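Undergrad: turn this into a structure:
(one chain, ligands or ions: 1)
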Amino acid sequence: MGAVSCRQGQHTRGSAPQKGGNIQGPWARGWKSLWCGMGTIRSGLEELWELQRHQCLHQEPLQPAPVLVEKPLSEWPVPQFINLFLPEFPMRPVRGQQELKILGLVAKGSFGTVLKVLDCAQKAVFAVKVVPKVKVLQRDTLRQCKEEVSIQRQINHPFVHSLGDSWQGRRHLFIMCSYCSMDLYSLWSAVGGFPETSIRLFAAELVLVLCYLHDMGIIHRDVKMENILLDERGHLRLTDFGLSRRLSPGSRAYTICGTLQYMGEGEAGAGGEGDAEK
Ligand SMILES: Nc1ncnc2c1ncn2[C@@H]1O[C@H](COP(=O)(O)OP(=O)(O)OP(=O)(O)O)[C@@H](O)[C@H]1O
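TA: Numbers count the residues shown, from 1 in each chain. Just a heads-up that it's a prediction; the model follows:
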């Protein structure tokens, strides 16, 4: 019997605060250190959302967007805290980080926060998943975190969201992908259900992706509507390889994992010794 590794489903999506709520609490306060404006330190997510609300009302930027940046390299005190995450998460000079401007919050997942950013150099919008290093070490998910990046880097399929870039700052890991404005769960919630023809198409595309992954020896282990993004033409883009594994031919994984709300009763109730392979 394998171990159980579950996530809680339903992200706090970035759209919620735009409907009028304020993002508060310890995780929001923790973001103060991550961004600074052009010369001024922003004070947190609450201000970001205030700023965005104003921008929506006035249709013109009141202040420069916050920049995704961490403290300079010289202040990094513990080199081991960097080495642990290499080579999947290379270090990035601060100048490189300053080319990313935060446009908003996309979602708060169980592992990281996904931000919408503008890459000023490429003049393109991306999604960046930001994961606190401390959380990775506390949850003992270092191997999994590196695996997520190396698997996503290896994949090249039109229905899989491929990796744009990954790097580390002083306290956070960053995983960047192209930005998709819609995911299947949000669309399903908005329209209240799909016609059978759409379901057939989504299912066919999903099967193609899973076959491709399985042929490469990769198991995703967290397939759910929130992890299926939609591109501008409505095709699937499977994302979040945070629980996925690469297996050698004939081997299998024994950890029971996924998102609690999407698991069968038997699966969610089982427990065991850890991820073993045969
Ligand atoms: N490139 C992207 N463009 C738009 N939205 C995205 C993108 N990547 C992720 N998201 C949204 O952010 C959510 C959280 O991202 P992700 O699943 O990678 O984080 P996580 O911490 O592993 O979350 P969880 O484990 O709870 O599913 C996704 O389910 C998706 O809705």
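
Undergrad: all helices of this structure, in order?
TA: Assigned by DSSP state H, the chain shows helices spanning 15-18, 26-29, 45-58, 80-83, 94-97, 133-138, 142-154, 184-191, 196-215, 265-269.

Undergrad: which residues of this structure lie near the ligand?
TA: Counting by C-beta under 6 Å from any ligand atom, the chain comes close to the ligand at 7, 11, 106-107, 109-112, 114, 127, 129, 161, 177, 179-180, 183, 226-227, 229, 239-240, 242. (Glycine included, C-beta is placed from N, CA and C.)

Undergrad: looking at the stretch 151-278 of the chain, which residue is nearest the ligand?
TA: Proximity of the stretch 151-278 of the chain to the ligand (C-beta to the nearest ligand atom) peaks at Asp240, 3.4 Å away.

Undergrad: what about the closest residue to that residue other than its chain neighbours, distance to Arg237?
TA: Spatial nearest neighbour of Asp240, excluding adjacent residues (C-beta to C-beta, 6 or more residues apart in numbering): Asn227 at 4.2 Å. Asn227 sits 10 Å away from Arg237, going by C-beta to C-beta, to the nearest Å.

Undergrad: same deal with Leu247?
TA: For Leu247, the distance to Arg237 - C-beta to C-beta - is 23 Å.

Undergrad: count of neighbours near Leu229?
TA: Neighbour count for Leu229, taken as other C-beta atoms under 10 Å: 23.

Undergrad: now the end-to-end length of stretch 228-247.
TA: 23 Å (C-alpha to C-alpha, to the nearest Å).

Undergrad: to clarify, my last question referred to stretch 103-113.
TA: This stretch, stretch 103-113, spans 13 Å end to end (C-alpha to C-alpha).

Undergrad: I'd say Ile218 and His157 touch.
TA: No. Using C-beta atoms under 8 Å as the test, Ile218 is too far from His157 to be in contact (10.7 Å).

Undergrad: which one's more surrounded, these two?
TA: Remark: of Ile218 and His157, Ile218 carries more neighbours, 21 against 14, as counted by other C-beta under 10 Å.

Undergrad: who's that one bridged to?
TA: Ile218 forms beta bridges with Arg246, as assigned by DSSP bridges.

Undergrad: oh, and call the first residue 484 from now on, that's how I've got it
TA: Sure, I'll start counting at 484 from here, so that last one is Ile701.
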